[in-house]
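Asks: give the three-dimensional model of this entry:
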Amino acid sequence: MAESFVRSPVRGAHHVAYRCLDAEQTRWFYEDVLGLRLAAALVIAEAPGTGEQLEYMHLFFELGDGKYIAFFDAPGNARPEVLDRKHSFDIHVALEVASEEELLAMQERIRGHGKTCFGPVEHEFVRSIYMYDPNGIQLEVTYRTAKHDAIMAEEELHAREAIAEWSARTRAQKIEMFGAERLEIRKAAA
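Replies: Here you go, the predicted structure:
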């Protein structure tokens, strides 16, 4: 860990939020298929922080730790391509269960609702199943293996060096694709 590291007061995520195609379809998947509690469905008349008049519904589904996954149903400014199936590297949400038994029970539950669910996939530190929600977001349901903490602790020891090596290997490709100015945001913000 870098000596200059100062731990943030951030305790965790209250919620992560994504656009959805349809509130009811999203409710079906997250409540009926996954079994998450629908905690709120708020109808709001303006975009937060801008004052722009835009009616939308903001849905919240509660996770077991009291945090939320949330969605915006805002047909007034939606673009159809935003709701296309996304590559898992673009948007990928991993929900955690406590054991392999719970993982396999979730897979059975998901398949019982007619949804395709791949896996389990062995990642050494976690085992996971994968599916897509109705909004094109890949969901992973995962549990930590007995090796999880040891693997993560070992990886932390050389994480910065791994990033430096990766950045050196991929920088030219990124400059070609995105431009150098986008890779230098830290310098621009100073």
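Asks: which residue is nearest the middle of this protein?
Replies: The centroid of the chain falls nearest to residue 93 when counting by CA atoms, centre = their mean (2.8 Å).
Asks: show me what that residue is bridged to.
Replies: Listed by DSSP bridges, the beta-bridge partners for residue 93 are residue 139.
Asks: for residue 15, grab phi and psi.
Replies: Main-chain torsions, residue 15, degrees, to the nearest 10: phi -160, psi 160.
Asks: show me the contacts for the closest residue to it other than its chain neighbours.
Replies: Spatial nearest neighbour of residue 15, chain neighbours left out: residue 68 (3.8 Å); criterion: CB to CB, 6 or more residues apart in numbering. Where you see a C-beta, it was placed from the backbone N, CA and C, and this is true even at glycine. Residue 68 sits next to 14, 15, 16, 39, 60, 61, 62 when contact means CB atoms under 8 Å, 6 or more residues apart in numbering.
Asks: let's see 6 Å
Replies: Neighbour list for residue 68: 15, 60, 62 [criterion: CB atoms under 6 Å, 6 or more residues apart in numbering].
Asks: can you list the domains in this protein?
Replies: Domain segmentation of the chain under automatic domain parsing yields 9-79, 85-148, 158-189.
Asks: turn those into TSV, columns for mean pLDDT.
Replies: Below are the domains of the chain laid out as TSV (pLDDT from 0 to 100):
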stretch	mean pLDDT
domain 9-79	94
domain 85-148	96
domain 158-189	87
